[in-house]
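Novice: this one's structure only:
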């Protein structure tokens, strides 16, 4: 047993060598703790938003809402339309090749021509390309000769990474889809309905539910003009009755809501097609 007068040796963690080692360990550990943030494999690389394709959509306006079942591809939806202007859209063909190829084919085949902008949500977005079995009421009709491929990107989580962060975002409608139920049940159904955000702010409610595949390159003033067209807005009492009907499982509630936010004037795609890209752009332009 040690003598009571013998000095007690210092604990190991107080020795000079241990102190130096602890300091080096702390420095090393702090360096290592920050290094993985720079090279962690969990961090995804930037999304490839190279603009590989450009298409145009010309929009026109009729003074009243379109109510005819005799429209054909070669005739305008009204006798005296007012041109609103042209949108030039840049598409992200490297990131979403299937969605882009389908949209481009819809433009080059004139399948979008004479179809309506059927919903406008002020300060958010407008929708076009609602699909029906005929051209009645300006709906999209897909001819069998078009032979669109099945879009497997609609079930790929990577296709939903881009956000609806500003005005001029072009997106494939999935959660916002208004196509007829009978059309959706067809084994050859292909979704071609799209939306364009109008700003001024982002639309986070659309994120993770719809596929962003392009951007407006030219014609943001046309987007603003479309967004300013007055729409049908139900009264508060009608909304309450609709909510009550939906609560009790009345199918008419959903059908009734299809009229909400419809423009009170006919806005339609009067022409569409492709513009050649001689040199792909590495990034979309900065939009307000």
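Specialist: Done, it's in. Here the structure is a predicted model, which means the values were calculated and not measured.
Novice: outside of the strand or helix carrying residue 105, which residues touch it?
Specialist: Assigning secondary structure by DSSP states H and E places residue 105 in helix 97-108. Contact partners of helix 97-108, identified using CB atoms under 8 Å, 6 or more residues apart in numbering, comprise 52-53, 55-57, 91-93, 111-112, 129, 140, 146, 148-149, 151-153, 159, 172, 190, 192, 194, 211, 213-214, 272-274. In short, each C-beta sits where N, CA and C put it, glycine included.
Novice: could you give me the average pLDDT of it?
Specialist: Helix 97-108 carries an average pLDDT of 97.
Novice: before we move on, back to that, of the contacts of helix 97-108, which belong to helices?
Specialist: Assignment to helices by DSSP state H places none of the contacts of helix 97-108 there.
Novice: show the buried residues in those residues.
Specialist: 52-53, 55-57, 91-93, 111-112, 129, 140, 148, 151, 153, 159, 172, 190, 192, 194, 211, 213-214, 272 (16 or more other CB atoms under 10 Å).
Novice: helix, strand or coil: sort out residue 221 for me.
Specialist: When classified by DSSP: H, G, I helix; E, B strand; the rest coil, residue 221 comes out as helix.
Novice: pLDDT score assigned to the closest residue to it other than its chain neighbours?
Specialist: Leaving aside its sequence neighbours, residue 221 sits nearest to residue 85 (CB to CB, 6 or more residues apart in numbering; 6.8 Å). Predicted confidence (pLDDT) for residue 85: 97.
Novice: show me what contacts residue 85?
Specialist: 58-59, 219, 221-222, 225.
Novice: buried set for the helix or strand harbouring residue 85?
Specialist: Here residue 85 sits within strand 82-91, counting by DSSP H and E. Neighbour counts over strand 82-91 (16+ other CB under 10 Å) mark 84, 87, 89-91 as buried.
Novice: and what of stretch 92-109?
Specialist: So for stretch 92-109, counting by 16+ other CB under 10 Å, buried means 92-93, 95-96, 98-107, 109.
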